[in-house]
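**Student:** Quick one: sequence plus predicted model below, questions after.
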Protein chains: 2
Amino acid sequence: MRDVFIVGVGQTPVSKETDMGGRHRAAAAVKAALADAGVEPERVGALYVGNMMSGLLANQQQLGGLIADYAGLLGIEALTVEAACASGGAAARAGYVAVAGGAHEVVVICGIEQMTHVDRDTVTRALATAADQELEGGGGESFLSLNAQLMRAYMEKYGVRAEDFAPFAVTAHRNAVTNPNALLRREIDVDGYLASRVVADPIRVFDASPICDGSAAIVLASAGAAATLARGARVQIAASAAATAPLALSRRPDPLKLDAVEASTERALAQAGVQRRELDLFELHDAYTIMSILTLESAGFAARGTGARLAAEGRLALDGDLPIATFGGLKARGHPVGATGCYQLVEAYLQLTEAGGANQVRHAELALVQNIGGTGATVVSHVLRRVA
Amino acid sequence: MRDVFIVGVGQTPVSKETDMGGRHRAAAAVKAALADAGVEPERVGALYVGNMMSGLLANQQQLGGLIADYAGLLGIEALTVEAACASGGAAARAGYVAVAGGAHEVVVICGIEQMTHVDRDTVTRALATAADQELEGGGGESFLSLNAQLMRAYMEKYGVRAEDFAPFAVTAHRNAVTNPNALLRREIDVDGYLASRVVADPIRVFDASPICDGSAAIVLASAGAAATLARGARVQIAASAAATAPLALSRRPDPLKLDAVEASTERALAQAGVQRRELDLFELHDAYTIMSILTLESAGFAARGTGARLAAEGRLALDGDLPIATFGGLKARGHPVGATGCYQLVEAYLQLTEAGGANQVRHAELALVQNIGGTGATVVSHVLRRVA
C-alpha cells in the first residue's frame, strides 16, 4: 500500500450551546483544513464523516452528502462512519485505506458532534446507545455508570485511591489553558479534584470529559499529491489499525483489560515498525480517568495496576517521556464524541509540525493517537511520523 | 488496485414483526455468507456494517463491534457505514476499497435494518432523517411527501398518467412470487394498482416499498484469497463508484434529474469498461415507482420523460433486455433500508452464478447494482461481472 500523509488540518473551538448548526460547523472545519493544505475542492476525491449522534439528537442522518454540499464539495463520494465515540478515528481509518490503496489521491475526514442543544437526559440516553442495549443500556446502565463499575473494580483490585486518579485531570486541564480551541481552559489541583462532586461513585465530575459541541477535519494525500502542494509531505500516517471487543462488559473475560486497545496498539506499532519507547507523545482516549489508566496498561505502557503511577511521576506531562492530552485531551479540550478522533489527529499533527505553541512537545517526531468507542469495544490507533 | 471478487452471500427472509433481535439476524446473515463462501472466521480481516436507523429505533449504535462479536468474528476491525437508504451499498463500497487497495484479503459486508418493532409514525420520523432536516424534515416533509412532490412534478411536466407507473409495481411483484426471501410474494395487476389506496397524492400504496426487517451479507476476497476457496473466483466487482447531490430537493437545479445517479453510473461504467447495452440486468433502487423512472432516465437508459415506456414495453421483465428488480426489488422483496444495498448485491450474485432458480435471467454476465440514499443524495453503483 502507498504512503499516506496528513497535509492540512482544521478545527473549530469546542463549545457549549453554540448557535451554529452542525452542517455549518462541519463545513467550517472542512474548509479550514482545505485552506490549511492549500487544496482546491476539485482535487478532493472523497469525504468521510465521523459522527455518532446526529440522527438521535438532530434528526439528521446522511451527513456525508449534506456536509459535502455545504463545504463546497458537491458531487463527490461521501459517507458517514460510525463506531460510537471512535467514529472520528474510524472515519480517518477509512480515509487512510482509500488513499493507501489507491482509490483516491486526496480525501477529507471530518468529525462532527453537537450535543448541547438538547437536555442532559437526552444526551445521556443517546450516549448509552454506544453500550450493549440488551445487556447494559436497556437495563438502565449509562456510559457514566459503566465507567463507574470499571473504576470501582479497579480501585478494589489494586488498592488505588481517589487521589491517584487526580493527576490525569490536573495534567489535562493544565494543557488546555493554552489551547484556544479547548472548552475548559482553567487549571485545577488535587484538592479541587477531591472536592469536586461525585456524580456516580467513585466517579467525580473531574474524572469525566464534558458534554460539548465540536468539529475538526484533516486532509489526507498520497505522496504524489502531497508533492504538488506548497508545503509538501510533512506528516506521514505510518500506521492505521482497528480492533474490536464485545460491547458489554459482561461478555469480556476481564473487563479491566481492554483487549481491543492491546490488539489495535500492537498492530499499529508493528505496522509502523516503532517501539513504545520511541514515541514522543500519546493522544489517548481519556473520556474518563479510569479509561486513561486502563489504556496505558492494556497498550503496554504500564504493568497492570500501575498506570496511575505514570501520571503521579509527571511522566505524562508535556515535558515527560510520554505526554498525553497535550492540548487538554477529552477531559479539558472536550469530547464532542464523533469529532474527538479528528481533534486528536489534528493535535498530533500540530505537535509533529512544531505548531504546538505553548503546548509544544519538544522534538516531537512520533505520535500514537488512539480513539475508543464505548468502554473499549472499538479501538482505532494511528501512528504519525514527522517526515520533514 | 487489485481485482475484488464476491465469494459468498447470505440473506435472511425479509419480514415484518420478527422476534429476532437485530444483532442475531445480522449474525445469521454473516454466518450464512461465510458458510456459503467456505471461509473460516479467522480469515476475515474486517466487517463493514450498513445500517441507517438502529440508533433511532433500537437505541443501539456501534453495530460493527456488536455484530462482529455475535457473528464469531471477535476482535476484528469493524465499523458501521451510513448513507441513509444507501448504507448497504456504501458499506460494500468501503469493503471493496479495503480489498482492492490491499488493506485486507477477505472482508464481510452486512446490511441490517429492523423497522417493524416500533409504530409507523416513529418509522416515518426516522426515515425523514435521510432528508434535509432544516429545509425538509423539520418542516414536516416525510420521505413519502418528498417522493410525492417528485412524482407530481414528473406527471405534470411530461403528461404521464397514474397507469404508466403501474408496470413497475406489477413487474416487481411478479418477480417476488418465486423469491422465498421476498416479503410480498403475490402478483398484482394494473387494475389492482389503480384500485390501491392513494397514500400521498399521487403516490399509491403500490408505488411505495414496504416497511420491513432484513439482513443480508456478502463476502469479498482478493484474487489470491479467492483462489484458495473451493469455488474460486466466480463474480468480480468490476467497478465501484459513489457520488452525492444536495439532500434537499430545493438545492438541486432540476429535481427531476438525479445528478448523483448520472455521475455514479458514468463512473462505474467507465471503470468497468462496459457499455449500457452490454448489461444483462440492473438492480436499481425502486423505493418508489417514480424513483425507478428517474433512475432509468438519469442513468442514461431512457430519454427524459420516457422512462415509463421501458416498463410498458416489457423490457424490464426477466425476459426483457434490461431486467430490473429480478427478485422483487425494493417494492416487493422489501426495503429494509440499511440492508437493501446488500440484498441487491446478493441477488445480482445469484443471477451471475446461475443460481437464480425461477428468477434466473438467461445468460447473465454483467449486472449494474445501484443503491440510493434519500431522494438521490447519495448514490453507490457497482458493476458485477461473471468470470467463471
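**Tutor:** Received it, and whenever you're ready, just let me know what you need.

**Student:** roughly how far apart are A:Ser87 and chain B?
**Tutor:** As for A:Ser87, its distance to chain B is 8 Å (criterion: CB to the nearest CB, to the nearest Å). From N, CA and C alone the C-beta is placed, and that goes for glycine too.

**Student:** Oops, could you answer that again for A:Ser196 instead?
**Tutor:** 29 Å.

**Student:** Torsion angles phi and psi at that residue?
**Tutor:** Note on A:Ser196: backbone dihedrals following degrees, to the nearest 10 are phi -70, psi 150.

**Student:** Now A:Leu144: closest residue in space that isn't a chain neighbour?
**Tutor:** Leaving out its chain neighbours, the residue that sits closest to A:Leu144 by CB to CB, 6 or more residues apart in numbering or on different chains is A:Ala200, at 4.7 Å.

**Student:** is it true that the one you found touches A:Ala148?
**Tutor:** Yes - here A:Ala200 reaches A:Ala148: they are 4.2 Å apart, a contact under CB atoms under 8 Å.

**Student:** returning to that earlier point: model confidence score at the residue nearest to A:Leu144, please.
**Tutor:** As predicted, A:Ala200 sits at a pLDDT of 96.

**Student:** Same check on the one 3 residues further on?
**Tutor:** The confidence metric pLDDT takes the value 98 at A:Ile203.

**Student:** What count of nearby residues applies to it?
**Tutor:** If you count neighbours by other CB atoms under 10 Å in any protein chain shown, A:Ile203 ends up with 24.

**Student:** that older thread, going by how many neighbours each has, rank A:Ala200 and A:Ala148 and give me the top one.
**Tutor:** Using other CB under 10 Å as the criterion, A:Ala200 and A:Ala148 rank with A:Ala148 on top: 22 against 18.

**Student:** Could you pull out the helices in chain A for me?
**Tutor:** A:22-37, A:54-58, A:63-70, A:87-101, A:120-127, A:143-158, A:162-176, A:190-195, A:223-227, A:259-272, A:289-298, A:307-312, A:329-332, A:337-352 (DSSP state H).

**Student:** CSV for the ones you listed, including mean pLDDT?
**Tutor:** Listed next are the helices of chain A as CSV, based on pLDDT from 0 to 100:
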stretch, mean pLDDT
helix A:22-37, 98
helix A:54-58, 97
helix A:63-70, 98
helix A:87-101, 98
helix A:120-127, 95
helix A:143-158, 97
helix A:162-176, 97
helix A:190-195, 97
helix A:223-227, 97
helix A:259-272, 98
helix A:289-298, 98
helix A:307-312, 97
helix A:329-332, 98
helix A:337-352, 98
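
**Student:** could I get the ones you listed as JSON lines with distance to B:Ser264?
**Tutor:** Compiled in JSON lines, the helices of chain A are given as follows (distance: least, CB to CB, whole Å):
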{"stretch": "helix A:22-37", "distance to B:Ser264": "21"}
{"stretch": "helix A:54-58", "distance to B:Ser264": "24"}
{"stretch": "helix A:63-70", "distance to B:Ser264": "12"}
{"stretch": "helix A:87-101", "distance to B:Ser264": "16"}
{"stretch": "helix A:120-127", "distance to B:Ser264": "32"}
{"stretch": "helix A:143-158", "distance to B:Ser264": "38"}
{"stretch": "helix A:162-176", "distance to B:Ser264": "44"}
{"stretch": "helix A:190-195", "distance to B:Ser264": "53"}
{"stretch": "helix A:223-227", "distance to B:Ser264": "23"}
{"stretch": "helix A:259-272", "distance to B:Ser264": "33"}
{"stretch": "helix A:289-298", "distance to B:Ser264": "41"}
{"stretch": "helix A:307-312", "distance to B:Ser264": "48"}
{"stretch": "helix A:329-332", "distance to B:Ser264": "37"}
{"stretch": "helix A:337-352", "distance to B:Ser264": "26"}
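
**Student:** And chain A, what are its domain boundaries?
**Tutor:** For chain A, the structural domains run A:4-119+A:212-235, A:132-204+A:239-383, going by automatic domain parsing.

**Student:** Ok, which of those domains comes nearest B:Thr80?
**Tutor:** Nearest to B:Thr80, of all the domains of chain A, is domain A:4-119+A:212-235, at 4.3 Å by CB to CB.

**Student:** How far does the closest one stretch from one end to the other?
**Tutor:** For domain A:4-119+A:212-235, the first-to-last residue distance is 9 Å (CA to CA, to the nearest Å).

**Student:** Stretch A:62-81 now?
**Tutor:** 10 Å.

**Student:** again with stretch A:370-386
**Tutor:** 17 Å.

**Student:** ok, the residue in chain A that chain B sits nearest to - how many residues close by?
**Tutor:** Nearest to chain B in chain A, going by CB to the nearest CB, is A:Gly101, at a distance of 1.3 Å. Residues near A:Gly101, counting by other CB under 10 Å, number 22.

**Student:** ok, and the closest non-adjacent residue to it?
**Tutor:** B:Gly101 is the one closest to A:Gly101 (CB to CB, 6+ apart), at 1.3 Å.

**Student:** cool, and A:Thr116?
**Tutor:** Using CB to CB, 6+ apart, the closest residue to A:Thr116 is A:Lys16 (4.6 Å).

**Student:** phi, psi of the one you found?
**Tutor:** phi -120, psi 150.

**Student:** can you tell me which residues contact the spatially closest residue to A:Ala223 that is not a sequence neighbour?
**Tutor:** Take A:Ala223 and drop its neighbours on the chain: the residue closest to it by CB to CB, 6+ apart is A:Asp3, 5.0 Å away. Shown in contact with A:Asp3 (CB atoms under 8 Å, 6 or more residues apart in numbering or on different chains): A:Ala100, A:Ser222, A:Ala223, A:Ala233, A:Gln236.

**Student:** got a list of what the residue of chain A closest to chain B touches?
**Tutor:** Applying CB under 8 Å, 6+ apart, the residues near A:Gly101 are A:Met1, A:Arg2, B:Met1, B:Val97, B:Ala98, B:Ala100, B:Gly101, B:Gly102, B:Ala103.

**Student:** can you check A:Ala339 too?
**Tutor:** A:Gly50, A:Asn51, A:Gly88, A:Gly111, A:Ile112, A:Glu113, A:Gly214, A:Ser215, A:Ala216.

**Student:** Tell me the pLDDT of the closest residue to it other than its chain neighbours.
**Tutor:** In space, and not counting its chain neighbours, A:Ala339 is closest to A:Gly111: 3.5 Å by CB to CB, 6+ apart. Note on A:Gly111: pLDDT of 98.

**Student:** Distance of the residue nearest to A:Thr116 relative to A:Cys342?
**Tutor:** For A:Lys16, the distance to A:Cys342 equals 19 Å [CB to CB, to the nearest Å].

**Student:** Just want to know which of those two has more residues nearby.
**Tutor:** A:Cys342 (32 against 13).

**Student:** is A:Gly10 in a bridge, and if so with what?
**Tutor:** A:Ala217 (DSSP bridges).

**Student:** correct me, but it touches A:Ala26?
**Tutor:** No - at 10.2 Å, A:Gly10 does not count as touching A:Ala26 under the criterion of CB under 8 Å.

**Student:** joint contacts of those two?
**Tutor:** Common neighbours of A:Gly10 and A:Ala26 (CB under 8 Å, 6+ apart) are A:Ala217.

**Student:** dump the residue contacts of A:Lys31.
**Tutor:** A:Gly10, A:Ala71, A:Gly72.

**Student:** Now do the contacts for the first one.
**Tutor:** Taking CB under 8 Å, 6+ apart as the contact definition, A:Gly10 lies against A:28-36, A:216-218, A:346.

**Student:** partners of the residue nearest to A:Leu144 in the sheet?
**Tutor:** With DSSP bridges as the rule, A:Ala200 is bridged to A:Ile203.
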